[in-house]
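Trainee: predicted coordinates and the sequence they were generated for:
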Amino acid sequence: MHRVLSARTEPDVSDEEVRARLATPRDRSRAYMGLLFNDHHLLRLAFHNAHEVGGGLWRSNQPGPGQLKAWAERGVKTVINLRGVSTASYHLLQRDACERYGMEMITLRMYSRDAPDPGAPRAAKAMFDEIAYPALVHCKSGSDRAGLMAVLYRHFRFGEPFSVARAQLSFKYLHMRMGKTGILDAYVDAYIEQGEKRGIDLVTWSETLFDRKAFKAAYTSGAVGDFIVDKVLGRE
């Protein structure tokens, strides 16, 4: 089963369309080639950037069908996709694999080069409270969006302040503070200064005090960092 819990309205791709696009062996082969080369999964066959967040949650880069089977065999019950809904190969194959291996797939769209939507913390908290564990959360690289989601998880589930939980958003997981992906660090900094230090909970701060438009306008990244993140690493 697939559910979309995104803070913004995001149309889903029906189960029927997923099956239709993967109806024949040739369709599946074409989709897998797309995953390998168009989505750079060839680089992820051996390196999964997988880490335990705690309390039954794991984080990783985009898993392929074989990796999803392995996660299911380890007992994972829920797979959280932060890349959004798509008709691209990675999404179709993941939907198919989750169905075949009995895992629920949830899409909660996040962004690596943009601040979270004001409703994202509330949506994440509600999701963490109701999903079945063990669970796996992933984006494309397992570094930026998965890192921020791990910060939110540690904050909501363990009560860690952002100033502690932010360790999940670090170079240890290949997150790049330089470049456009540094906007996630700036978001964490903003909440620490404007909310955490004033005793304002994250959901309230995000929905009533956080000016996303002004925040985005004020954030700047360096040319060198942008080159590394965009051209060298090809972050989504």
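Mentor: Yep, that arrived.
Trainee: measure residue 130 to residue 104 for me?
Mentor: 11 Å (Cβ to Cβ, to the nearest Å). C-betas here are computed from N, CA, C, even on glycine.
Trainee: when the two are compared, which one has more neighbours?
Mentor: residue 104 (17 against 10; other Cβ atoms under 10 Å).
Trainee: may I see the buried residues of stretch 56-66?
Mentor: 56, 57, 58, 59, 60, 61, 62, 63, 64, 65 (16 or more other Cβ atoms under 10 Å).
Trainee: so where is the chain shaky, pLDDT-wise?
Mentor: 7, 9, 222-235 (pLDDT under 70).
Trainee: quick one: contacts for the residue nearest in space to the middle of it?
Mentor: Most central in the chain under Cα atoms, centre = their mean is residue 82, positioned 3.2 Å from the mean C-alpha point. Listed by Cβ atoms under 8 Å, 6 or more residues apart in numbering, the contact set of residue 82 reads 107, 108, 109, 110, 137, 138, 139, 145, 146, 149.
Trainee: swap the cut-off to 7 Å and go again
Mentor: 108, 109, 110, 137, 138, 139, 145, 146, 149 (Cβ atoms under 7 Å, 6 or more residues apart in numbering).
Trainee: next, count neighbours for the nearest residue to residue 108 once chain neighbours are set aside.
Mentor: Nearest residue to residue 108 in three dimensions, chain neighbours excluded: residue 5, at 4.9 Å (Cβ to Cβ, 6 or more residues apart in numbering). Residues lying near residue 5 (other Cβ under 10 Å) number 16.
Trainee: cool, and residue 197?
Mentor: Residue 197: 12 neighbours (other Cβ under 10 Å).
Trainee: other residues contacting stretch 203-216?
Mentor: 114, 115, 118, 119, 121, 122, 125, 190, 191, 194, 195, 200.
Trainee: residue 204 belongs to a helix, doesn't it?
Mentor: Yes - per DSSP: H, G, I helix; E, B strand; the rest coil, residue 204 lies within a helix segment.
Trainee: what about it, distance to residue 118?
Mentor: 11 Å.
Trainee: now do the buried residues in the top helix by length along the chain.
Mentor: Selection of the longest helix in the chain by residue count, based on DSSP state H, yields helix 145-158. Buried positions in helix 145-158, judged by neighbour count with 16+ other Cβ under 10 Å: 145-157.
Trainee: stretch 11-20 now?
Mentor: So stretch 11-20, judged by 16+ other Cβ under 10 Å, has buried residues 13, 18.
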